[in-house]
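> The sequence and its predicted three-dimensional model are supplied below.
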There are 2 protein chains.
Amino acid sequence: MTKSLVPVFAALADETRWDILTRLGARELSASALAIELPVTRQAIAKHLAALADAGLVQAAPSGREIRYRAIGARLSAVAGELDRIGAEWDGRLARIRTIAERL
Amino acid sequence: MTKSLVPVFAALADETRWDILTRLGARELSASALAIELPVTRQAIAKHLAALADAGLVQAAPSGREIRYRAIGARLSAVAGELDRIGAEWDGRLARIRTIAERL
DNA sequence: CCGGACTGCAACCATTCGGTTGCATTTGCT
DNA sequence: AGCAAATGCAACCGAATGGTTGCAGTCCGG
């Protein structure tokens, strides 16, 4: 496993996308609704939502003629878990090497 | 606080950079040494290292005429912590809203 | 049933970005 | 001292990316 993670970070590596995410973390909103609050076009937001949905960070909820989105915190936490694991592994290995070096 | 995080994700949003990071997580290496193992130029790697150092994910250790780098796992874990916190917050709020909605 | 609100698709534009080549500079080792 | 190895800087290139405008399609409400 260990499937890339990179696409997720790519999705998170944009200020506008974070703006969208934090709002969706507070309440469900449609693309048009977001377009009113943000300084960009609705189409731009639609693209961002597609990217976020692709990364599993957001979920679409069709409701009548509009589509509301909500942020998936669990996804973010899962990524956090992987990151923490990797970080610990790095520090662990380097510490082990240092120990060996000091023994010489 | 809550300073952007975005630059860090930008640094992590590249496959080559992860390749570099994982190798530096195993052992310290110089830019030239990395250039031998990876399918890109040394200059490209130098740029990546600069970006990673900027994000605090890597630390330079000058040693004679070469500069060895090592991955900073603690930094990654710190970011993981922030992410987890945010994710939990999102799910918390949405759950609270759902509870209120069901009470109607 | 028809008009307005919302979404979807496509072309296009400017900027950023990953990567390369080329050259200058520093620094260690014999 | 002098050569080889390592880094640094700069210009340049193609592809990806965030954003826009414009238009076609869909779907609820009076």
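Nice, thanks for sending it over.

> Can you pull the poorly scored residue ranges out of chain A?
Per-residue confidence for chain A (pLDDT under 70) gives these ranges: A:1-3, A:94-104.

> Just the CA atoms of stretch A:28-36, as CSV, please.
C-alpha atoms of stretch A:28-36 as CSV (Å, rounded to 0.1, in the frame of the first residue of the first chain):
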residue,chain,number,x,y,z
GLU,A,28,-22.2,22.7,4.1
LEU,A,29,-22.2,25.1,1.1
SER,A,30,-22.8,25.0,-2.6
ALA,A,31,-20.4,26.2,-5.2
SER,A,32,-22.5,29.2,-5.9
ALA,A,33,-22.8,30.1,-2.2
LEU,A,34,-19.0,29.9,-1.9
ALA,A,35,-18.6,32.1,-4.9
ILE,A,36,-20.4,34.8,-3.1
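
> Okay, strands next: where are they in chain A?
Applying DSSP state E to chain A gives strands spanning A:29-30, A:58-63, A:66-71.

> what's the closest of those strands to chain B?
With C-beta to the nearest C-beta, the closest approach to chain B among those belongs to strand A:66-71: 4.8 Å. (Each C-beta comes from the backbone N, C-alpha and C, glycine too.)

> Can the closest one be said to contact DNA strand C?
Yes. Judged by C-beta under 7 Å from any atom of the strand, strand A:66-71 and DNA strand C are in contact via A:66-67.

> Name the nearest residue to A:Asp19, sequence neighbours excluded.
Taking C-beta to C-beta, 6 or more residues apart in numbering or on different chains, and ignoring the residues beside it in sequence, A:Asp19 has A:Leu38 as its nearest neighbour in space, at 6.2 Å.
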